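Enquirer: Provided below are the primary sequence and the corresponding predicted coordinates.
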Amino acid sequence: MENANEGKNNTSLPEDNACILVEGLEKLSIDGTTNVSRKNKAKKGKDKKKSRGKYSDDIIARIPFKHFSYSNAHIGKSQPNIFQEAKGVALYYDKRITKITNNEAELINESNPPFLTKDISNLSEISLLDSKKFKLPYMGYNLYDEIEKFGPMDSTLLDSTVPCFEYLRTLKISEEDKLYNTPYTFMTPRHHLTELMMTVYESRESELTGKSWLFTRIKDDLIVISEDLAKENNPSPQNHKLQNSFSKKVINSGFTFEELVIENFQECHKPYFYISENRLTPKSTFIIRSEMDSYNNKTETFTELKCFNKLHLGVAQHRKKLLKTWFQTGLSPNCDIVIGIRDTSSGILEDLLWYSRENMYQKLQDPSLPKFKNSFDFKPHIGIQWLNHCIHAIESAFTKDTSDTASNPMTYKVIIDKHKSIIIKKLSIVPKNVEIPTDFL
């Protein structure tokens with residue numbers, strides 16, 4: 001095992017000492033509405049202020065980066081799994097939830113997901129040489145054409161955990177339990193975990209400023225992970241708006257690419273979500289909502305669709321992009337990827353590449369690639385260990401916090417600061433963007 005503070009023999013802290021805990025604020029008072037936002041009536045007094053020591057009133061835990069103990073080598077040639085156990089449990093489309101039973105492929109086909117065209121579906125089963133005839137009809141297409149008809153997903157929908165709550169409702173109705181019986185159940189859109197894992201690779205302080213998420217704890221130790229709209233360097237709550245015409249071209253070319261390779265694109269007017277249950281630690285289950293770009297009914301696999309310029313993995317940003325994609329696909333069971341390679345200046349589609357997760361992993365592990373020591377050489381297993389480290393810190397903080405979340409939701413801000421320390425703050429309000437259905441309050 002190696003420690004993040006190189007040269008010292010620190011090991012990971014035991015659970016009781018993983019966090020420096022500070023006395024918390026009093027519980028929230030809420031009115032039962034879907035968007036919960038009420039101030040705590042925190043008591044004031046000299047004695048209470050003194051008891052909090054050198055930290056500000058709302059910080060309940062601070063874990064320095066030197067306590068991140070990791071293994072620099074991954075045992076085995078095959079890719080590591082992010083979760084100890086994982087299983088797809090439901091489909092969610094157009095406000096309808098379908099619980100997955102034994103025949104998953106049949107249920108998915110009946111739900112009419114975005115289907116890959118037959119040509120693109122073949123890429124996963126043939127050689128690179130044989131794939132040329134299937135790619136040819138798409139080559140030379142200008143992905144910048146007609147981009148004005150596309151726009152980004154509404155930020156509220158992007159961050160919504162409604163499908164996760166709907167899945168829990170189906171369990172209540174059928175009187176079933178979750179697959180994994182753990183003390184804590186986290187519900188989150190997939191991208192929050194992807195971003196959290198990527199923070200460990202950031203080598204510049206400017207890249208880390210403002211990395212934070214909201215963890216709202218409600219009854220039965222359900223925890224909702226949400227975007228922190230108040231974080232630093234977040235230009236506005238509408239942070240998904242495009243900044244200029246060129247970035248709009250680049251981002252919206254991804255939608256054009258989807259239209260090109262999805263057979264029933266015109267019928268797919270709303271996002272298609274896949275819900276999975278995943279056990280990360282003995283204490284934590286994650287119910288993850290993943291928006292799925294397409295489905296290959298030939299291989300019975302979900303396929304992510306990305307649009308990149310040509311990747312050169314000797315360049316740090318390019319390797320980082322592929323690593324992030326590997327994490328993203330790994331957070332959903334049974335997922336691969338098709339990448340459209342475009343010329344950035346003209347928008348012309350130059351190639352189509354299919355990768356399994358194992359393909360991506362082997363590319364990232366290529367020993368001939370240059371080293372990036374400050375970014376852990378972009379080794380995938382380091383990000384998995386970092387996720388476990390962060391969640392262990394959050395579990396420890398929750399265990400030591402005696403707030404009555406059975407009666408009143410409590411929101412914690414989890415921050416990865418510029419030194420990669422984990423800071424956990426207890427907020428005096430539940431921010432307005434945290435959506436909790438009233439029957440879960």
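Expert: Thanks, I have the structure now. Residues are numbered from 1 along each chain as shown.
Enquirer: next helix or strand past the helix or strand of the chain with the lowest mean pLDDT?
Expert: The weakest-scoring helix or strand in the chain, judged by mean pLDDT, DSSP states H and E, is helix 46-51 (a mean of 39). For helix 46-51, the following helix or strand on the C-terminal side (DSSP states H and E) is strand 59-63.
Enquirer: so how far is Thr285 from His74?
Expert: 24 Å (Cβ to Cβ, to the nearest Å). (C-beta placed from N, C-alpha, C; glycine too.)
Enquirer: who's more crowded, those two?
Expert: Thr285 (22 against 17; other Cβ atoms under 10 Å).
Enquirer: the more buried one and Leu196: what is the separation?
Expert: 17 Å.
Enquirer: could you do Ile394 as well?
Expert: 10 Å.
Enquirer: which of those two has more neighbours?
Expert: Remark: of Ile394 and Leu196, Ile394 carries more neighbours, 26 against 21, as counted by other Cβ under 10 Å.
Enquirer: could you list the buried residues of the helix or strand encompassing the more buried one?
Expert: Under the criterion of DSSP H and E, Ile394 resides in helix 380-400. Buried residues in helix 380-400, counted by 16 or more other Cβ atoms under 10 Å: 380-399.
Enquirer: burial measure for the closest residue to Ile262 other than its chain neighbours, as a count.
Expert: Leaving aside its chain neighbours, Ile262 sits nearest to Pro114 (4.6 Å; criterion: Cβ to Cβ, 6 or more residues apart in numbering). The number of residues packed near Pro114 is 21, by other Cβ under 10 Å.
Enquirer: now do the contacts for Pro114.
Expert: By Cβ atoms under 8 Å, 6 or more residues apart in numbering, Pro114 lies in contact with 258, 262, 264-265, 268, 272, 292-295.
Enquirer: which of those residues are buried?
Expert: Judged by 16+ other Cβ under 10 Å, buried ones among these: 258, 262, 265, 268, 272, 292-295.
Enquirer: format the residues you listed as JSON lines; extra columns: pLDDT, secondary structure and distance to Pro137.
Expert: Formatted as JSON lines, the buried ones among the contacts of Pro114 follow (pLDDT from 0 to 100; DSSP: H, G, I helix; E, B strand; the rest coil; distance: Cβ to Cβ, whole Å):
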{"residue": "Glu258", "pLDDT": "95", "secondary structure": "helix", "distance to Pro137": "16"}
{"residue": "Ile262", "pLDDT": "97", "secondary structure": "strand", "distance to Pro137": "14"}
{"residue": "Phe265", "pLDDT": "95", "secondary structure": "helix", "distance to Pro137": "15"}
{"residue": "Cys268", "pLDDT": "91", "secondary structure": "coil", "distance to Pro137": "21"}
{"residue": "Tyr272", "pLDDT": "96", "secondary structure": "strand", "distance to Pro137": "25"}
{"residue": "Met292", "pLDDT": "96", "secondary structure": "coil", "distance to Pro137": "24"}
{"residue": "Asp293", "pLDDT": "97", "secondary structure": "coil", "distance to Pro137": "20"}
{"residue": "Ser294", "pLDDT": "97", "secondary structure": "strand", "distance to Pro137": "17"}
{"residue": "Tyr295", "pLDDT": "97", "secondary structure": "strand", "distance to Pro137": "20"}
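Enquirer: which of the residues you listed sit farthest apart?
Expert: Phe265 and Met292 (13.8 Å; Cβ to Cβ).
Enquirer: quick revisit: give me the contact list for the helix or strand just after the helix holding Ile394.
Expert: Per DSSP H and E, the first helix or strand lying C-terminal to helix 380-400 is strand 410-416. With contact meaning Cβ under 8 Å, 6+ apart, strand 410-416 is reached by 27-28, 60, 196, 199, 208, 211-217, 228, 390, 394, 397, 401, 403, 422-427, 429-431, 434.
Enquirer: pLDDT weak spots in the stretch 51-200 of the chain?
Expert: 51-57 (pLDDT under 70).
Enquirer: that one: strands as residue ranges?
Expert: 59-63, 69-70, 85-93, 96-99, 184-189 (DSSP state E, counting those that start in this stretch).
Enquirer: now for the shortest one, which elements pack on it?
Expert: Taking 3 or more Cβ pairs under 8 Å, 6 or more residues apart in numbering; DSSP states H and E as the contact definition, the neighbouring helices and strands of strand 69-70 are strand 2-3, helix 380-400.
Enquirer: which one of the ones you listed lies closest to Glu125?
Expert: helix 380-400 (25.2 Å).
Enquirer: the closest one to strand 59-63, inter-axis angle?
Expert: Put simply, helix 380-400 runs at 150 degrees to strand 59-63, going by axes from the mean of the first three to the mean of the last three Cα atoms, to 10 degrees.
Enquirer: and helix 380-400, what other elements does it pack with?
Expert: Under the contact rule (3+ Cβ pairs under 8 Å, 6+ apart), helix 380-400 is packed against strand 59-63, strand 69-70, strand 184-189, helix 190-198, strand 272-281, helix 316-330, strand 410-416, strand 422-426.
Enquirer: circling back: just the buried residues of the contacts of strand 410-416.
Expert: Buried, going by 16+ other Cβ under 10 Å: 27-28, 60, 196, 199, 208, 211-217, 228, 390, 394, 397, 401, 403, 422-427, 430-431, 434, out of those.
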